[in-house]
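Q: Dropping the sequence and predicted coords here.
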Amino acid sequence: DEMDVDTIWMDGEFVDWDEAQIHVLTHGLHYGSGVFEGARCYDTAQGPAIFRWEEHLERLYQSAKPYEMEIDHTVEELTEATIELIRRQELPSCYIRPIAFYGYDSLGVSPRNCPTKTAIAVWPWGAYLGEEAIERGIDVMISSWRKHASSQIPTNAKTTGLYVNSMLAGEEARRNGYAEAIVLNKEGNVAEGPGENIFLVRDGEIYTPGLSESILDGITRDTVITLAEDLGYTVHDNVSISRGELNTADELFFTGSAAEVTPIRKVDNVVVGDGSRGPITEEVQSRFFEVVERETDEYDEWFTYV
Ligand SMILES: Cc1[nH+]cc(COP(=O)(O)O)c(CN[C@@H](CCC(=O)O)C(=O)O)c1O
């Protein structure tokens with residue numbers, strides 16, 4: 001396979017990449033009834049290590065709950081499978097994609113008769129928004145599509161079906177020449193990106209929308225809050241950020257397992273700060289990479305060594 005990975009784990013078996021097939025009448029394909037995760041294995045000084053794997057796996061099981069989906073594999077089994085999968089493909093670093101979904105039996109909205117299928121794939125994935133983005137930042141636009149409200153669908157569950165909203169917003173941005181979107185919630189306040197959480201810096205203090213703003217409870221968001229506070233910054237992590245505050249911010253940045261820490265330099269062509277990566281963004285970003293690449297032995301509990 002062009003991504004030089006050739007194996008996928010499916011419900012207890014390691015299968016060839018090209019054999020990792022499902023039926024076209026799979027419930028999850030028709031109704032978005034899947035839950036998934038995105039985690040990174042980093043090539044650290046002590047060898048490949050998965051960042052905050054336990055939290056990602058815990059969120060996978062949590063995400064399944066609102067859908068009464070029973071993932072019939074234990075944490076230990078999924079962890080061993082993932083480690084074995086990475087070892088077999090000799091990947092020093094990679095992106096890890098576990099997914100659980102209602103499979104094939106009979107169609108109709110009710111998944112009652114459908115089995116729950118579980119699969120894990122890994123592949124090399126560089127900077128989510130482009131190599132340049134980490135240093136130079138990206139230009140974003142505020143999408144005309146709002147985020148679904150947490151009263152309409154559990155936004156704290158990483159559900160496959162939710163991502164058509166992310167696709168609509170992200171593609172609208174890219175169609176208009178921007179790298180990514182910012183999505184407002186039903187109330188018109190800032191929620192997050194299509195695949196990222198968002199942080200704002202103003203007068204030396206850091207802000208990020210609270211969990212009631214219809215956002216995903218991001219693990220990188222949690223990591224960055226911890227690192228920023230350890231760097232001595234005040235972080236307001238339960239605020240509502242209005243659209244106008246995006247234009248008066250000194251700095252903005254996205255966080256995510258895929259996005260890592262990506263500075264935002266323009267919003268709808270309005271420059272943020274001086275239009276380049278902000279100093280506090282840079283400090284937090286450097287600390288993030290220092291930690292995930294294990295250039296410090298702090299936060300070792302965040303790593304599952306392969
Ligand atoms: C909507 C959304 N919000 C926030 C985040 C950040 O969460 P965390 O990874 O726990 O810090 C992600 C992760 N987006 C995943 C999927 C990206 C994709 O393209 O698919 C990811 O970053 O892996 C989201 O999808």
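A: Received it, and whenever you're ready, just let me know what you need. Residues are numbered from 1 along each chain as shown.

Q: wait, Glu135 sits on Ser286?
A: No. Using CB atoms under 8 Å, Glu135 is not in contact with Ser286; the gap is 10.9 Å. C-beta coordinates here come from the backbone N, C-alpha and C atoms, glycine included.

Q: so who does the residue of the chain found nearest the ligand touch?
A: Residue of the chain nearest the ligand, by CB to the nearest ligand atom: Gly38 (2.1 Å). By CB atoms under 8 Å, 6 or more residues apart in numbering, Gly38 lies in contact with 56, 95-97, 256-258.

Q: Keep only those that also lie close to the ligand.
A: 256-258 (CB under 6 Å from any ligand atom).

Q: now those in TSV, with secondary structure and neighbour count?
A: Formatted as TSV, those follow (DSSP: H, G, I helix; E, B strand; the rest coil; neighbours: other CB atoms under 10 Å):
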residue	secondary structure	neighbour count
Gly256	strand	24
Ser257	coil	22
Ala258	coil	18
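
Q: Which of the residues you listed sits closest to Arg52?
A: Ser257 (8.4 Å; CB to CB).

Q: From Gly137, how far off is the closest one?
A: 19 Å (CB to CB, to the nearest Å).

Q: Next: Thr262.
A: Going from Thr262 to Gly137 by CB to CB gives 7 Å.

Q: Looking at those two now, which is surrounded by more residues?
A: For the pair Thr262 and Gly137, the greater number of neighbours falls to Thr262 (29 against 26), based on other CB atoms under 10 Å.

Q: Surely that one and Glu135 touch.
A: No. Using CB under 8 Å, Thr262 is not in contact with Glu135, being 9.8 Å away.

Q: Break down the stretch 201-306 of the chain into its strands, ranges please.
A: Taking DSSP state E, counting those that start in this stretch, the strands of the stretch 201-306 of the chain run over residues 205-209, 235-239, 251-256, 260-267, 270-271, 303-305.

Q: Just name the most buried of those strands.
A: Mean neighbours per residue, mean count of other CB atoms under 10 Å, is largest over these for strand 251-256, with a mean of 27.

Q: Partner strands of that strand and their direction?
A: Applying DSSP bridges to the sheet, strand 251-256 is found paired with strand 197-202 (antiparallel), strand 260-267 (antiparallel).

Q: Do you know the pLDDT at Gly126?
A: Looking at Gly126, its pLDDT stands at 87.

Q: If you could redo that for Asp4, that was the one I meant.
A: pLDDT, read off for Asp4, is 69.
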